[in-house]
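*Asks:* Sequence first, then the predicted structure, then my questions.
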Amino acid sequence: MKLLVLGASGKTGQGVVRQALAAGHEVTAFVRDPERLPVRDPRLSIATGDARSPDDLRSALLGQDAVISALGASPKARPTGSSSGRPGAGVIERSTRALAEAASEVGVRRVVMLSTFMLAPNFRAGILKPLAGLNKAMNDDKRAGEQVLKESNLDWTIVYATRLTDGERTGRERVIPETETVTPRNTASRSDVAAFLLGEITDEASVRRCLVVTTA
């Protein structure tokens with residue numbers, strides 16, 4: 001399978017790239033700065049561009065079978081206007097709008113997007129309530145991006161990963177049902193989350209669904 005990975009230079013994105021290559025996929029890593037991606041492989045292509053640009057994404061999407069987005073945004077980032085989104089839109093909303101536009105034009109339908117557990121409907125902040133407040137702008141941006149994806153004609157899956165750690169792959173990832181409360185005590189290694197994202201690409205049962213994944 002030919003996969004486009006957005007946010008490929010981030011910690012989780014790098015895990016997706018490495019595991020996808022190990023599984024035999026052809027991977028295109030979409031990054032702003034290629035030097036931040038310390039992965040080289042004959043089946044790896046690197047596309048440099050701005051994820052908020054439909055033109056940059058359109059070029060990278062050509063010939064792809066699916067997209068995994070591990071894009072993140074700094075809570076300190078200030079939203080700005082863009083031709084690919086409403087004035088004042090944040091990075092995630094603008095990049096998701098650009099992706100929806102470009103993917104629809106090119107004919108790539110399958111998109112798996114990583115999001116934060118703080119947006120899961122069954123999340124209870126507990127001791128992280130002050131942190132959730134500090135991250136309000138970032139979470140609002142992610143929420144707006146998710147809405148753009150939900151309103152698109154793409155075959156999307158949104159994955160809410162619980163609190164991320166840098167631990168090794170355990171293989172114990174599981175989906176938390178809506179009846180189970182998600183708290184800051186739930187954690188998942190980035191390696192496990194990367195594997196879960198890859199697995200969802202071919203899972204037709206997860207199309208147009210939001211899933212919460214954890215390992216603990």
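*Replies:* It's in. The model shown is predicted, which means the values in this text are computed figures rather than measured ones. Residues are numbered from 1 along each chain as shown.

*Asks:* rest of the way, CA atoms for contacts and neighbours
*Replies:* Fine.

*Asks:* Am I right that residue 201 is in contact with residue 110?
*Replies:* Yes: with contacts counted by CA atoms under 8 Å, residue 201 reaches residue 110, the gap being 7.1 Å.

*Asks:* Give the residues shared as contacts by the two.
*Replies:* Counting by CA atoms under 8 Å, 6 or more residues apart in numbering, the shared contacts of residue 201 and residue 110 are residue 66.

*Asks:* chain center to the one helix or strand residue 17 maps to: distance?
*Replies:* Assessed by DSSP states H and E, residue 17 sits inside helix 11-22. Distance of helix 11-22 from the chain centroid (CA atoms, centre = their mean, to the nearest Å) equals 12 Å.

*Asks:* for that helix, packing partners?
*Replies:* On a contact count with 3 or more CA pairs under 8 Å, 6 or more residues apart in numbering; DSSP states H and E, helix 11-22 meets strand 2-6, strand 26-31, helix 190-200.

*Asks:* right, so of the ones you listed, which gets closest to residue 159?
*Replies:* Residue 159 lies closest to helix 190-200 among the helices and strands packed on helix 11-22, at 7.5 Å (CA to CA).

*Asks:* which residues does residue 62 contact?
*Replies:* Residues in contact with residue 62, defined by CA under 8 Å, 6+ apart, are residue 106.

*Asks:* got it, and the one 10 residues further on?
*Replies:* For residue 72, the contact set (CA under 8 Å, 6+ apart) comprises 7, 92.

*Asks:* And for residue 37?
*Replies:* Residue 37 makes contacts with 8-9, 14, as judged by CA under 8 Å, 6+ apart.

*Asks:* switch to 10 Å and redo it
*Replies:* Residues in contact with residue 37 (CA atoms under 10 Å, 6 or more residues apart in numbering) are 8-11, 13-14, 17, 29-31, 46.

*Asks:* Would you check which pair of those residues lies furthest apart?
*Replies:* Greatest spatial distance among those (CA to CA): 11 and 46, at 16.5 Å.

*Asks:* The helix holding residue 17 vs helix 190-200, what angle?
*Replies:* Counting by axes from the mean of the first three to the mean of the last three CA atoms, to 10 degrees, helix 11-22 lies at 60 degrees to helix 190-200.

*Asks:* got the CA positions of helix 11-22 in CSV?
*Replies:* What follows is helix 11-22, C-alpha atoms only, in CSV (Å, rounded to 0.1, in the frame of the first residue of the first chain):
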residue,chain,number,x,y,z
LYS,A,11,7.6,11.4,17.6
THR,A,12,4.4,9.5,16.7
GLY,A,13,4.7,10.3,13.0
GLN,A,14,8.2,8.8,13.0
GLY,A,15,6.8,5.7,14.6
VAL,A,16,4.2,5.4,11.9
VAL,A,17,6.8,5.8,9.1
ARG,A,18,9.2,3.2,10.6
GLN,A,19,6.4,0.7,11.2
ALA,A,20,4.8,1.2,7.8
LEU,A,21,8.1,0.6,6.1
ALA,A,22,8.8,-2.5,8.3
